[in-house]
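no letters, just coordinates:
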């Protein structure tokens, strides 16, 4: 009997081991990626190996005590790093978009390693500064490296997502022990989903007349921990950093402690870009002339320019509002009128929501060059809302670009045809679904809809088609890996369910073997982008003696760069220092200006454009005049001296 018991235990352990092997993913998606410690070590190694051209700084620490690193890279020749025009590169704003930090880190390494070996790299670094922030959301990114994979865009700041005054009390669970948080589907006559008859791996919104016994409800994998009838609606953290910037954030109440730039990660970045330093008597990083972001939004391979989306967010559950637990909502209801009373019309949103026409050519030219350099011809992208992409252009005033590094790629379908990957407006049903919950939308992307968006409208939506294309790609290019087949499971609360769906992170981050080619192509693109900034030059002053004691002095400014000195949006926001030309006379007693101003401010000069400045000077012959050009975003300072004769 004793031996039988030992034998039974051995068999049980073997069975458990076999089940574990069956359920574990063949290869962790994080293999070949840098977790926080590895990223920190890599950045410190670059900084220590190339101290003459690099400087590593922390913008601040997150709630979990992790540094948000910024690596400055600039050549040893030319002006100081703060005086050179700068390109800001930022990645991994969404916690699950870890590929952004890998490419940003790779660009940093490429620049540092090739400064002394590559003439093009040296030329650009001697004229430009690069500020590289590989990982703006290090807390959220660490979930990618956990044993149980749970895809999440947010940071890990605790938040009451179901408005029950308790934070993070209902997280998902890995019920089938496969190391993945996927989806559950359960038959329910009140459900809103049905199995796609064309591919039973997919779910689609029910249609009119769908038999009741074919309907399902969908839930994230896990149990109802707080007994409120909802499943995993209030998990660990947080807020998506790339929806937290103060442009197009929306005006609806979003919960306690949530407002534009409410997250420390957002605050650190904005502070870095805009802080005034008294000791320097300037905003040192206003030398940033362009921004390159690696995120889920795309305006390089997708349609160029920026068109803002509609910011959406979950509203308090009806039972919460009916119960009056909403003292925290009372403030937001004041002034709106009681039911039956005349309501004030909604105020017009004063924020610009679309690229200004005068700037469209710039975004189009850069987009075309991006496709040429990287070979990436299309990308899927939502319209942004509260994103860094929007804030950098509409508020900071500089050209801003975002690349979705891992997306379904589709060629143009013909002249005038819109790419499936282009920015598009969500349907009303999509907008309403998106408002349900950031977290819910994230989970729903595991079974049907465009990545990062809410479930689609009734019937077979464009989102379902997107999922079908991902499955086609999996079947043809990835040996079927990337989707967990639906399998039955006995749920302690729901009864018989099926668990399955897309593997977390699969459609956000590519396999590690894809990273080197992305680094190479985007390093080339970053060098191209930095070389396009405005270059304001001043011709040699021209002097003409008009009469005894009267001289005409002229200078002409040219923009020899490919970008305007300031975008049309930057002119509207007045956030960019103007081009300044000052004249100083050798002595005030015997010299004076008869025409012209001692200081001339010029807002903008377009690429290839010029501006002529004229002074009339009363002066004895032989006296000197000094002319100073200062173009903070166009090449810095230039000085000329002339003798009037």
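Cool, got the structure. Here the structure is a predicted model, which is why all the values come from computation and not from measurement.

and stretch 68-81, what's its mean pLDDT?
Across stretch 68-81, pLDDT averages out at 96.

contact partners of that stretch?
39-40, 43, 46-47, 52-62, 84, 108, 111-112, 115, 122, 125-136, 138, 265, 268-269, 272, 636 (Cβ atoms under 8 Å, 6 or more residues apart in numbering). The way it works is simple: take the backbone N, C-alpha and C, and place the C-beta from them, glycine included.

from those residues, which land in strands?
Of these, the ones assigned to strands by DSSP state E are 54-61, 128-133, 636.

in contact with residue 181, which residues are there?
So residue 181 contacts 148, 149, 150, 151, 172, 173, 174, 220, 221, 222, 504 (Cβ under 8 Å, 6+ apart).

ok, which pair from those residues is furthest apart?
151 and 173 (14.7 Å; Cβ to Cβ).

more neighbours: which of these two?
More neighbours surround residue 151 than the other of residue 151 and residue 173, with 26 against 18 (other Cβ atoms under 10 Å).

report how many residues lie close to residue 590.
Neighbours around residue 590, by other Cβ under 10 Å: 12.

list the contacts of the residue lying closest to it once chain neighbours are set aside.
If you skip the residues right next to it in sequence, residue 590 has residue 620 as its closest partner in space, 5.7 Å away by Cβ to Cβ, 6 or more residues apart in numbering. Contact analysis of residue 620 by Cβ under 8 Å, 6+ apart lists 549, 590, 591.

same thing but at 10 Å, please
Residues near residue 620 by Cβ atoms under 10 Å, 6 or more residues apart in numbering: 548, 549, 587, 590, 591, 644, 645.

scan those residues and report the most crowded one.
With neighbours defined as other Cβ under 10 Å, the most crowded of the contacts of residue 620 is residue 644; it has 21 neighbours.

chain neighbours aside, what residue packs nearest to that one?
Closest to residue 644 by Cβ to Cβ, 6+ apart is residue 551, at 4.7 Å.

and what of residue 641?
Spatial nearest neighbour of residue 641, excluding adjacent residues (Cβ to Cβ, 6+ apart): residue 626 at 5.1 Å.

shouldn't that neighbour be in contact with residue 639?
Yes - under the criterion of Cβ atoms under 10 Å, residue 626 makes contact with residue 639 at 6.8 Å.

re the thing from before, ok, of the ones in strands among the contacts of stretch 68-81, which come out buried?
Listed as buried from the ones in strands among the contacts of stretch 68-81 are 54, 56, 59, 128, 129, 130, 131, 132, 133, 636; burial here means 16 or more other Cβ atoms under 10 Å.

please enumerate the helices of the stretch 351-500 of the chain.
For the stretch 351-500 of the chain, applying DSSP state H, counting those that start in this stretch gives helices covering 360-374, 388-394, 428-434, 438-444, 462-477.

quickly, which of these bottoms out on average pLDDT?
helix 428-434 (a mean of 33).

if we can go back for a sec, nearest to residue 305 among the contacts of residue 181?
Among the contacts of residue 181, residue 151 lies closest to residue 305 (Cβ to Cβ), at 29.1 Å.

can you tell me how far that closest one sits from residue 498?
Distance of residue 151 to residue 498, given as Cβ to Cβ, to the nearest Å: 19 Å.

what do you get for residue 93?
Where residue 498 is concerned, residue 93 sits at a distance of 34 Å (Cβ to Cβ).

shouldn't residue 554 be within a strand?
Yes - under DSSP: H, G, I helix; E, B strand; the rest coil, residue 554 sits within a strand.

other SSEs contacting the helix or strand where the residue nearest to residue 644 lies?
Assessed by DSSP states H and E, residue 551 sits inside strand 550-559. Contact analysis of strand 550-559 by 3 or more Cβ pairs under 10 Å, 6 or more residues apart in numbering; DSSP states H and E lists strand 536-538, strand 542-547, strand 579-585, strand 592-595, strand 599-602, strand 610-618, strand 624-631, strand 636-643 as its packing neighbours.

which one of those lies nearest to residue 285?
Among the helices and strands packed on strand 550-559, the nearest to residue 285 by Cβ to Cβ is strand 636-643 (14.8 Å).

any stretches of the protein with poor pLDDT?
Scanning the chain for pLDDT under 70 picks out 1-27, 253-255, 313-344, 346, 411-463.

quick check on the residue nearest to the spatial centre of it: phi, psi?
With distances taken as Cα atoms, centre = their mean, the residue of the chain nearest its centroid is residue 295 (4.2 Å). Phi and psi for residue 295, reported as degrees, to the nearest 10, are phi -150, psi -170.

wait, residue 582 touches residue 630, no?
Yes - between residue 582 and residue 630 there is a contact under Cβ under 10 Å: 7.8 Å.

common neighbours of these two, please.
Taking Cβ under 10 Å, 6+ apart as the criterion, residue 582 and residue 630 both touch residue 639.

so residue 584 is in contact with residue 615, correct?
No - the pair residue 584 / residue 615 is not scored as a contact, 11.4 Å apart, by Cβ under 10 Å.

hmm, back to that, quick check, nearest of the ones in strands among the contacts of stretch 68-81 to residue 385?
Residue 385 has its nearest neighbour among the ones in strands among the contacts of stretch 68-81 in residue 133, at 21.4 Å by Cβ to Cβ.

you'd agree the closest one is up against residue 87?
No - the criterion here is Cβ under 10 Å, and residue 133 misses it with residue 87 at 11.7 Å.

please enumerate the shared neighbours of those two.
Common neighbours of residue 133 and residue 87 (criterion: Cβ under 10 Å, 6+ apart): none identified.

if we can go back for a sec, which residues do residue 626 and residue 639 both contact?
Residues touching both residue 626 and residue 639 (Cβ under 10 Å, 6+ apart): 582, 584.

what distance do you get for the residue lying closest to residue 106 once chain neighbours are set aside to residue 281?
The spatially closest residue to residue 106, leaving aside those adjacent along the chain, is residue 519, at 3.1 Å (Cβ to Cβ, 6+ apart). Remark: distance between residue 519 and residue 281 (Cβ to Cβ) = 38 Å.

which of these two has more residues huddled nearby?
Between residue 519 and residue 281, residue 519 has the larger neighbour count (other Cβ under 10 Å), namely 19 against 8.

so that one: helix, strand or coil?
On the basis of three-state DSSP, residue 519 is classed as helix.

specify the beta-bridge partners of the residue lying closest to residue 111 once chain neighbours are set aside.
Leaving aside its sequence neighbours, residue 111 sits nearest to residue 73 (Cβ to Cβ, 6+ apart; 5.1 Å). For residue 73, the beta-bridge partners are residue 54, residue 130 (DSSP bridges).

how many neighbours does residue 73 have?
Count around residue 73 with other Cβ under 10 Å applied: 27.

do residue 190 as well
Residues lying near residue 190 (other Cβ under 10 Å) number 7.

residue 256 too?
13.

my read is that it contacts residue 157, right?
No - contact criterion Cβ under 10 Å: residue 256 and residue 157 do not qualify, at 11.6 Å.

need the overlap of contacts for these two.
Common neighbours of residue 256 and residue 157 (Cβ under 10 Å, 6+ apart) are 167, 262.

how near is residue 222 to residue 498?
On the measure of Cβ to Cβ, residue 222 and residue 498 end up 14 Å apart.
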